[in-house]
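In: Output the structure for:
(chains A, B, C and D)
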2 protein chains.
Amino acid sequence: MSTRREAVRQALTESSGFRSAQDLYADLRADGSKIGLTTVYRALQALSDSGEVDVLRTDDGEAVYRACDTESHHHHLVCRTCSTAVEIEGPAVERWAADVGAKHGFSGVTHTVEVFGTCGPCSLRSAQQGSAQQV
Amino acid sequence: MSTRREAVRQALTESSGFRSAQDLYADLRADGSKIGLTTVYRALQALSDSGEVDVLRTDDGEAVYRACDTESHHHHLVCRTCSTAVEIEGPAVERWAADVGAKHGFSGVTHTVEVFGTCGPCSLRSAQQGSAQQV
DNA sequence: ACCAGTTTTGACAATCATTTTCGTTTTCGT
DNA sequence: ACGAAAACGAAAATGATTGTCAAAACTGGT
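Out: As a prediction, this is how the structure comes out:
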């Protein structure tokens, strides 16, 4: 684990939400690091390969990453405004997905489940003013 | 509903699986159409805006589309090999997602749920030979 | 059939995230 | 300290998607 990769992991850990490679690159540069964009991509690739970070795709296809507390299988409840995420489990959903696959004769069944919404703080904020803010 | 858009919808309907804009463009051109790539993208945009087709993102961020039988909320069981999809419903999952969101104080809760696997025919095919085939 | 205005189209350029390339710098073992 | 291997980063390449803009097709009224 090189210093650079550690820096990327660190930057990711400081956020409770999902961040894109470009975001992290900007953060790191803003903190004075001389890291290159390529390295950020490589670090994220390695971290997600090893299962240390979770990846998902935004609606416009951008990959976003998150350093989760657990490396075991789980899903996320993600705020659409600030991107903060809560790790959630759903044994019932796991079972359901496996059953559905089996019922239709599919093998090697996996699934993706993400829940989106507006978190409490962001709801309040947008109710008071008219503008949403990105954290 | 212009002729071009209709042609795109038609091309999509002829497949039981998810297709990318580039795929559809290739199909249409192969059938002799003089349609442009830009138009295919525009048609898909319009069709998905109006809810006539479903969209999802592949692991590498490419958008893929499908003309589903129903326009009501549903999920998919998708074959990883041939991309054929089965429309599925899961009342339990709907409820679970809404509950999870509410429990954490999130509002406007939505969710994405997709199940992946290898369909029966594709399983057989890859068991017999070593090569997988794209339909 | 004809015209003026609107809509649709498609070739091409522009974007933008991500990946490759490739020479340079670091790290490590000895 | 020395050389091989791994990590870096700047710049170019890639590939899907979107923006631009002039030409083509379609519209309703005549």
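
In: distance of the closest residue to DNA strand C within chain A from residue A:77?
Out: Using C-beta to the nearest atom of the strand, the closest approach of chain A to DNA strand C is made by residue A:63 at 3.3 Å. Heads up, the C-betas are built off the backbone N, CA and C, glycines and all. Plainly put, residue A:63 is 19 Å away from residue A:77 if you go by C-beta to C-beta, to the nearest Å.

In: Give me the more crowded residue out of the two.
Out: For residue A:63 versus residue A:77, the count of surrounding residues by other C-beta atoms under 10 Å in any protein chain shown is larger for residue A:77: 23 against 20.

In: quick one, what contacts that one?
Out: Shown in contact with residue A:77 (C-beta atoms under 8 Å, 6 or more residues apart in numbering or on different chains): A:85, A:86, A:88, A:115, A:116, A:117, B:100, B:101, B:104, B:106.

In: Quick one: those residues as TSV, columns for neighbour count, secondary structure and distance to DNA strand C too.
Out: Compiled in TSV, the contacts of residue A:77 are given as follows (neighbours: other C-beta atoms under 10 Å in any protein chain shown; DSSP: H, G, I helix; E, B strand; the rest coil; distance: C-beta to the nearest atom of the strand, whole Å):
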residue	neighbour count	secondary structure	distance to DNA strand C
A:85	24	strand	17
A:86	20	strand	23
A:88	19	strand	24
A:115	25	strand	21
A:116	19	strand	18
A:117	25	strand	23
B:100	21	helix	27
B:101	23	helix	26
B:104	16	coil	27
B:106	24	coil	25
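
In: Which of the residues you listed sits closest to DNA strand D?
Out: Looking across the contacts of residue A:77 and measuring by C-beta to the nearest atom of the strand, the closest to DNA strand D is residue A:116, at 19.4 Å.

In: Go ahead and confirm the closest one touches residue A:80.
Out: Yes - under the criterion of C-beta atoms under 8 Å, residue A:116 is in contact with residue A:80, at a separation of 5.4 Å.

In: Identify the bridge partners of the residue of chain A closest to DNA strand C.
Out: Beta-bridge partners recorded for residue A:63 (DSSP bridges): residue A:57.

In: close enough to count as contact, it and residue A:54?
Out: No - the criterion here is C-beta under 8 Å, and residue A:63 misses it with residue A:54 at 10.8 Å.

In: For chain A, which residues are neighbours of DNA strand C?
Out: Within chain A, the residues that sit near DNA strand C (C-beta under 7 Å from any atom of the strand) are A:2, A:3, A:20, A:21, A:22, A:37, A:38, A:41, A:45, A:62, A:63.
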